[in-house]
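J.: give the three-dimensional model of this entry:
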Amino acid sequence: MRSEALLLALACTLLAACATPTAGPPLIERTEYAHDELAFWQALEAQPRLSKDDALHALFLMADGSAAYASWAARLSEARRRGWIAEDARPEADEAATIGWVSSVVAAFLPIERGVTARLAPRSERYATRDLVFVGLLPDRSPSQPLRGLELLELAGRVDDWRAAHGAGS
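T.: Numbers count the residues shown, from 1 in each chain. Predicted structure coming up:
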């Protein structure tokens with residue numbers, strides 16, 4: 001009886017470890033944030049775990065200075081077109097964004113010098129994170145860690161500072 005309970009507990013632990021963490025409903029789905037960039041940025045500050053939808057919206061704001069994509073499907077389609085996300089990737093809007101996922105997108109649109117391995121594997125979350133840490137855009141973090149809203153705000157500020165210092169416009 002005890003071994004059966006132990007096996008059941010082990011199976012539940014393994015299943016829970018394999019589940020993709022979610023961040024809850026994206027902020028950008030709410031009308032007041034979809035139409036007001038400042039309110040959106042301010043609301044991110046309180047997010048303990050950022051959704052991929054909110055992260056992608058913020059990444060378009062960082063890359064282009066505006067985000068003209070009205071839905072998750074439109075944002076995802078444009079990110080694929082730009083090569084930020086692989087065609088075969090199937091991220092969900094409420095899935096938690098990770099440091100590595102965001103780093104790979106920032107490394108795709110920001111003209112930073114990449115390492116040799118990163119150039120061979122441009123979508124590698126690990127190498128994109130290492131490159132952003134190397135140039136001072138991120139503190140040393142694991143690519144698999146979930147991203148908080150405040151961390152994305154700090155990254156956005158550092159990206160702006162990096163562009164100003166290197167003469168790289170948006």
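J.: from here on, just use CA atoms for contacts and neighbour counts.
T.: Noted.
J.: any idea how far Val116 is from Asp160?
T.: Per Cα to Cα, to the nearest Å, Val116 is found 25 Å from Asp160.
J.: neighbour-wise, which of the two wins?
T.: Shown here are Val116 and Asp160; by other Cα atoms under 10 Å, Asp160 has more neighbours (18 against 10).
J.: pull the contacting residues for the residue nearest in space to the middle of the chain.
T.: Geometric centre of the chain, nearest residue: Val102, 3.0 Å, by Cα atoms, centre = their mean. Taking Cα atoms under 8 Å, 6 or more residues apart in numbering, we find Val102 in contact with Ala55, Leu59.
J.: quickly find the element holding it.
T.: Element membership for Val102 (DSSP states H and E) is helix 99-109.
J.: quick one: distance of that helix to the chain centre.
T.: Averaging C-alpha positions (Cα atoms, centre = their mean, to the nearest Å) puts helix 99-109 7 Å from its chain's average.
J.: what do you get for stretch 36-47?
T.: Per Cα atoms, centre = their mean, the centroid offset for stretch 36-47 relative to its chain is 15 Å.
J.: put the alpha carbons of that stretch into PDB.
T.: Extracted in PDB, the C-alpha atoms of stretch 36-47 (Å, rounded to 0.1, in the frame of the first residue of the first chain):
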ATOM      1  CA  ASP A  36      -3.100  53.000 -23.700                       C
ATOM      2  CA  GLU A  37       0.600  52.200 -23.900                       C
ATOM      3  CA  LEU A  38       1.500  54.000 -20.700                       C
ATOM      4  CA  ALA A  39      -1.200  52.200 -18.700                       C
ATOM      5  CA  PHE A  40       0.000  48.900 -20.200                       C
ATOM      6  CA  TRP A  41       3.600  49.600 -19.100                       C
ATOM      7  CA  GLN A  42       2.500  50.700 -15.700                       C
ATOM      8  CA  ALA A  43       0.400  47.600 -15.200                       C
ATOM      9  CA  LEU A  44       3.300  45.400 -16.200                       C
ATOM     10  CA  GLU A  45       5.200  46.500 -13.000                       C
ATOM     11  CA  ALA A  46       2.800  44.500 -10.800                       C
ATOM     12  CA  GLN A  47       2.800  41.300 -12.900                       C
END
